[in-house]
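Novice: sequence first, predicted model second:
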Protein chains: 2
Amino acid sequence: MIKTMPANLTELESEVARLRHELQSLEVERKDDDEITIANYLLTRLEQLGVTSVFGVPGDFNMPLLDYIEDHPRIQWIGNCNELNAAYAADGYARVKSHSIGVVVTTFGVGELSAINGIAGAFSEMVPVLHIVGVPSTVQLKTKPLLHHTLGDARFDVFTKAAEQVTISQAMLMNKVHAAAEIDRILIDCITRARPVYLTFPSDMVSEKVSAKRLKIPLSRTLPPNDPQVEQFVLDEIIKVIGEAGGDMAILVDACVLRHDVQDEVKDLVTATRFPVYSTPMGKTTVSEQFDRYGGVYIGSISDPAIKERVESAKLILSIGGLKSDFNTGMYTYRIPTTHTIELHSDHVLVQHAHFPGIGMKQLLPKLTPRLREFRGRASELAVSKAKLEVPIERDNDITQSYFWPRVGKFFKKKDVIVAETGTSNFGILDVPLPEQSVFVSQMLYSSIGWSVGSTLGTALAARNKGLGRVILFVGDGSMQLGVQEISTMTHHGLTPIIFLINNSGYNIERNLHGMNRKYNDIANWKWTSLLTTLGDVDGTLSRSYTVRDKSGLEKLLDDPEFSNAGKIQLVEVIMGKYDTPRALKLAAELSGKYTEKSAKQL
Amino acid sequence: MIKTMPANLTELESEVARLRHELQSLEVERKDDDEITIANYLLTRLEQLGVTSVFGVPGDFNMPLLDYIEDHPRIQWIGNCNELNAAYAADGYARVKSHSIGVVVTTFGVGELSAINGIAGAFSEMVPVLHIVGVPSTVQLKTKPLLHHTLGDARFDVFTKAAEQVTISQAMLMNKVHAAAEIDRILIDCITRARPVYLTFPSDMVSEKVSAKRLKIPLSRTLPPNDPQVEQFVLDEIIKVIGEAGGDMAILVDACVLRHDVQDEVKDLVTATRFPVYSTPMGKTTVSEQFDRYGGVYIGSISDPAIKERVESAKLILSIGGLKSDFNTGMYTYRIPTTHTIELHSDHVLVQHAHFPGIGMKQLLPKLTPRLREFRGRASELAVSKAKLEVPIERDNDITQSYFWPRVGKFFKKKDVIVAETGTSNFGILDVPLPEQSVFVSQMLYSSIGWSVGSTLGTALAARNKGLGRVILFVGDGSMQLGVQEISTMTHHGLTPIIFLINNSGYNIERNLHGMNRKYNDIANWKWTSLLTTLGDVDGTLSRSYTVRDKSGLEKLLDDPEFSNAGKIQLVEVIMGKYDTPRALKLAAELSGKYTEKSAKQL
C-alpha cells in the first residue's frame, strides 16, 4: 500500500485525496464491525456514485460477480451484445449522467480485450469509466494453468499490461485485506481525474467478506485547494490583462468544462459577467445555446465567417477547458495570438505566455467570477454574432446536407439528448444551435467509428434516469454497421431513441479525406427499415421504421406529432447523396490535406 | 538492425533464418536496380505467400495503402463491417488456406485496438496473421500533434505497446532504408513460428521506393536442422521405449500438428506404421477421420468410454503437437502417466521424463517414420475403437442435442469445411466423425465468443480459393449476436456458407458453467430468418432462410438436394431446448466446477 512518490501534480493531488479518505476510513473502522462481501462493497460504492446501470457481457470468470449485480435492488444489469459496445455504452452513460461514472464488466482476456478500444476512447475524451474484469481465481492467477481465454503461454498479466496503457489506475483484488481500500483508491481516481480505471476481480474474491465501515465515508470528490498565494497572483494577473484589453474579451468553452465538472461554475461566470461566449465543437451545449450572450461554435477557419470574425477580433480570449485537437480546432487554424489568450485548465492556468502549474479551474472560477463583475458593463456592450437556424430554400427536392441539419435543428426540443457519430454527423450538426437544457454527445477527439451506437444505449439509460427528454442519434450507414447489434439491447430495455440513419452509400468522411471514388469506401446496402424488427422487435409492436427520400417526406415526418413522441424506438433511413458533404467537413478535409502536406515539408 | 541476443531457442532459430535470408538478399541487391514502392513490396511478399484476400476497415491513416491493395490484380480487398470481425476473418483464412497467412489492415489507435482481441486469439491458437496498421506520417509520429485517434496526451506508442503483448514480432516502417528487411523479418517470423506479427505503416512511407531485388529470394520457411547427435539419440530412445512397450502404442494428434505444418509428415507416419491414431478436440481432422486406423476423439474423462479405454490402456502414447488446455483435455483428466508418453513438439521432444530441447517435430518426423516401420506388423494388430455415427432414435419430435449432432454428421460431405463456435457447438460436434478431406475449424483454447462468425468469412474465402467444398457454420444465438454484421460481407462477396443458428434462448455454455437460471444468460430474441435479407440481400435473391422446430422439419431440409447445394448463403434457425446440453459440455462443466473447487483447496 505504500506508494512511491507520484511524478506529477495531478497524481499528487489524487494521492492527497486518497490519503485523507484512508484516514477517515480507518477512524470509522475502529467503531463498528459490520461485514459485507467484496462484491457488495463495490456495488454500494457504485450506488453512492449514482450508478444505476452496469453494462457488459457474461463470461465464466465474471458470472459470480454478475450474481450480485443481478440481485442488487437498485443497480440494473444491462447485458450487451458485445464488449466493445458495452464499453461505448458505459462511456455514453457517464457523459450524460454526469457526477457519476460508467461501469462495464467483461471477462478475462477475450472480453476485456474486446472492450479495450472503448476504454481507450474514454481515456482520450476524459470520461470516467470503471472497467471491471472477472478473472480466474487467485490460486489460478498464481499457478497459471493452461486455461481457456489465455494466450496459452502462462502470461496471465498481458491483458493488464495492455489495460495499463489506456487507464489511469489499476487494482488487482488479490486479497481481502486491501480490497476495500483498493476499490476506493481507483474510484477516487476515476471521479476526480475523469479517466477510466481498471479492476480485476478474481472469481473467488467476490464473496469474501470485508468490513463495511468504510462505506460510511463517501468517496471524496474534493480537489485539493490551489496554493493561495499563487492563486491570488493569477487572479490579479487575469484582471490586469483584461483591464489592459479594455474588457474586450470573449469566452471560449471547450470539452474539459464538461469533463472536469465546471459547468455550473462556468454558467455563474457567463451570467454574472455577460461576456460573449462561444463554444468549440467538443464544448457544444456546455453553455446553453439559447443564452442571449452565446454566439455559436468557433472552429478556426471552418467557423461561420461572422463567428470567426467576432472571436478572432476580440482583444482577449478566455479559454476554459480547452482541448486543441485537429478536428476540434479546424485543423489547428485558430488565429488567436498567445498574447490574446488566458487559458484555464483542470490543473494549470496560462496567462498569455506565463504558465501557472497546479492552479485548477474548478477552484479558481468561484473566485474569478466576483472579480470579473467589474467588467459587466463593458462586456454587455460587446456584440455577439448570433448563430442562426435558417433552413435554406432549395429548388431540388433531394435531401441535401445543407438542408438536413438546420431542418432537424427545428425538430429539437428542450432537454433533448443529441448524439452525433464521428464523421459526417458530427460536422453536419456543428452550426445548428441546440435548445435549452439539451445535451450534445460526440466523440470528436478519439473519433472511433461506430462509437455512437453503443454510446446511445448508455446515453438513453442515463437520460431516462435523469428525466431528460428524447434521445436522438445521427449516424451514417457505414458507422452503424460496426456496432449495429446494440440496437437490440435498446429495444429489449424499452428505450425509445430516434435514430436518423444517413444512407449515403458508404464512408462519407473517409471519401473526403482520401479515395473519393475508391471501392473501399463503399459498403453493402442493407434493408434498414427491417433492422429494428429483425434485431429484437420480432412482432413489430415495439418499434417503427421509415425511409425518407426527399424533403417533403422528411418535413411530413418531422411535423408528425406521433413521430415526435412515439414512445417507442424509431429508425429513419434518410437517403442522401453519395458525395454530398456538410460544409464544415468539406473544409476540414481540405485543411487536413494541407496540414499533412505542410507537416511533410517540415521534415 | 543489430538485435540483442535472443532469449530462447525458437527465437534463435528464427534469427538464423532471418540472417540467412538477409545475406542472400544483399547478394541479389548488388546485381540489379529495379525499384518498387514499399506498399507493392509488401503486397508482392504477400502474394508470394499465397495471400489472395486482405481483410480490414478503411481509416484515414491506412487509405493510402488501401489504394495499392485495391489496385492489385491478384489480391482482393475485403472490407469488413468492423475490425474485430476483420481480425477473426484473417484468422479463419489462415487456418483453412494453410501454408499462407491471414492479413488484416486497420487504422491507428481506434482500428487496431478494436482488432486486438482477434490478434490475441491468433497468438493463443498459433495462427499466422499479419496485422498492418496505417499510422500517421513519420513526421507526425515524431512531432506528436494532438491528432484524432490518439489518447490526447502525445503518447503515440501506447497502441504498439498493447500490440507487443499479443504478437511475436513488430516492425515500424520509419525509414525506407530498412523497410524491406523489416517486412521480411516479421513475415519470416510469422510463417515459421505460426503466430501473429504487427506492422505499423506510416501514411507517407507507402509510396516511397525501395529496391525490388530482394523479392527474387523467396521468404524462407526452412527451419534450422535439429542437432544431428541429439536427434539420433532421441530417435534411438523412442525406438527403445516403443520396443519395451512391445509396440503397444497409440498416436494422439493435436492442435500443433496443424499450426506447425506437420500434417503431411503425420499422414506419412500413420499410413506407414498403422498405429491406432486418436485426435484431441483441437486436433480434429488433422488426420482423416475416415482413415481405417483412426479411432476418434480423446478428451480425458469426457471421451466416449470405449475411446477412453483404448487410449488409456495403451502401453505408450505418442503425442504429436499436444496442447493441453483445460477444455482440450477434459479439464486435465488425462489418465496417462508420463512413463507412458512420448511427446513431439515444434521445438522440443519429451520421452517419458526426459526433455530434449531444440529437437523439432517437423525435422524429426521424416526420420522417425522409416524407423517405426519395423512395428507395422504389431501396430496393425492393435484394435481401434471406431467412432460411430449413429443417430439415436428418440420418441419426441423435438430437436435434441443428442440427436442433432449425429444427424448433421450424416449431412456432411467430402471436402466440407466445418466451423464450430466456441461453446455448445464445439462440444456438440466432438464425437461426430467428419468426412474425408473435410476441414474442422474451431477456437477451443482462446474461446472468444463470437469468433466463428468473422472467422467463417475468412474460411469461406480460403475454401473457395483452394477448391474445397461447402462451408458450414454452427453457432448459437448468443454468440451470433456479437459479430452478426459480418454475414453482410459474406453475402456481398457471393460466399455461400450454410449457417446453422442454434436458437436456445441464450448462452448455453455459460448456463452450464454458472447461473443456470440467471437472467444475465438470457438474450433478446431476434427474427433470425430476416437476418440475411436485412443485412445485405435486400431483394431476397441471394440467400435463403429457414426455421426448423422439430426432427421431421430438420430431416426434410437436410435431405433436400436444393438445400444441400444451394449456391447461395443460407441460414437455418434450429429451435432447441433452453437447457438441453451436449453430453461432452455437461461433463466438462461439471469437471470445471470440480477443478475450481480443487484449486481452491490447494490454496
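Specialist: Nice, I can see it. Keep in mind it's a predicted model, so treat the numbers as computed, not measured.
Novice: and the residue of the stretch 201-350 of chain A found nearest chain B, backbone torsions?
Specialist: As assessed by Cβ to the nearest Cβ, chain B sits closest to A:Ser325 within the stretch 201-350 of chain A, at 4.6 Å. Heads up, the C-betas are built off the backbone N, CA and C, glycines and all. Main-chain dihedrals, A:Ser325, degrees, to the nearest 10: phi -80, psi 170.
Novice: can I see the domain layout of chain A?
Specialist: Chain A breaks down into these domains under automatic domain parsing: A:9-216, A:228-381, A:401-581.
Novice: any chance of the ones you listed in CSV, with distance to B:Gln363, mean pLDDT and mean neighbour count too?
Specialist: Formatted as CSV, those follow (distance: least, Cβ to Cβ, whole Å; pLDDT from 0 to 100; neighbours: other Cβ atoms under 10 Å in any protein chain shown):
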stretch, distance to B:Gln363, mean pLDDT, mean neighbour count
domain A:9-216, 23, 94, 22
domain A:228-381, 53, 96, 20
domain A:401-581, 42, 96, 22
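Novice: TSV for these, including distance to B:Glu510?
Specialist: Shown next, in TSV, are the domains of chain A (distance: least, Cβ to Cβ, whole Å):
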stretch	distance to B:Glu510
domain A:9-216	5
domain A:228-381	36
domain A:401-581	17
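Novice: isn't the residue of the stretch 201-350 of chain A closest to chain B up against B:Ala154?
Specialist: No - with contact defined as Cβ atoms under 8 Å, A:Ser325 does not reach B:Ala154; the gap is 11.6 Å.
Novice: identify the contacts common to those two.
Specialist: Contact criterion Cβ atoms under 8 Å, 6 or more residues apart in numbering or on different chains; residues shared by A:Ser325 and B:Ala154: B:Leu146.
Novice: please name the residues that touch A:Gly577.
Specialist: Per Cβ under 8 Å, 6+ apart, neighbours of A:Gly577: A:Asp398, A:Thr400, A:Asn504.
Novice: now do A:Ser425
Specialist: When contacts are taken as Cβ under 8 Å, 6+ apart, A:Ser425 is in contact with A:Ser452, A:Phe474, A:Val475, A:Gly476, A:Ile502.
Novice: those residues in helices, which ones?
Specialist: A:Ser452 (DSSP state H).
Novice: can you say which of the contacts of A:Ser425 are also within reach of chain B?
Specialist: Intersecting the contacts of A:Ser425 with the contacts of chain B gives an empty set (criterion: Cβ under 8 Å from any Cβ of the partner chain).
Novice: nearest to A:Lys414, of the contacts of A:Ser425?
Specialist: The nearest member of those to A:Lys414, counting by Cβ to Cβ, is A:Phe474 at 18.7 Å.
Novice: was I right about the closest one contacting A:Ile502?
Specialist: Yes - with contact defined as Cβ under 8 Å, A:Phe474 and A:Ile502 form a contacting pair (7.0 Å).
Novice: who in the stretch 201-350 of chain A is up against chain B?
Specialist: So far as Cβ under 8 Å from any Cβ goes, the stretch 201-350 of chain A lies against chain B at A:Ser203, A:Asp204, A:Leu323, A:Lys324, A:Ser325, A:Asp326, A:Phe327, A:Tyr332.
Novice: the same query, at a cut-off of 10 Å, please.
Specialist: With Cβ under 10 Å from any Cβ of the partner chain as the criterion, the stretch 201-350 of chain A comes near chain B at residues A:Ser203, A:Asp204, A:Ala255, A:Leu323, A:Lys324, A:Ser325, A:Asp326, A:Phe327, A:Asn328, A:Thr329, A:Tyr332.
Novice: report the two of these separated the most.
Specialist: Farthest pair in those, by Cβ to Cβ: A:Asp204 and A:Tyr332, 51.7 Å.
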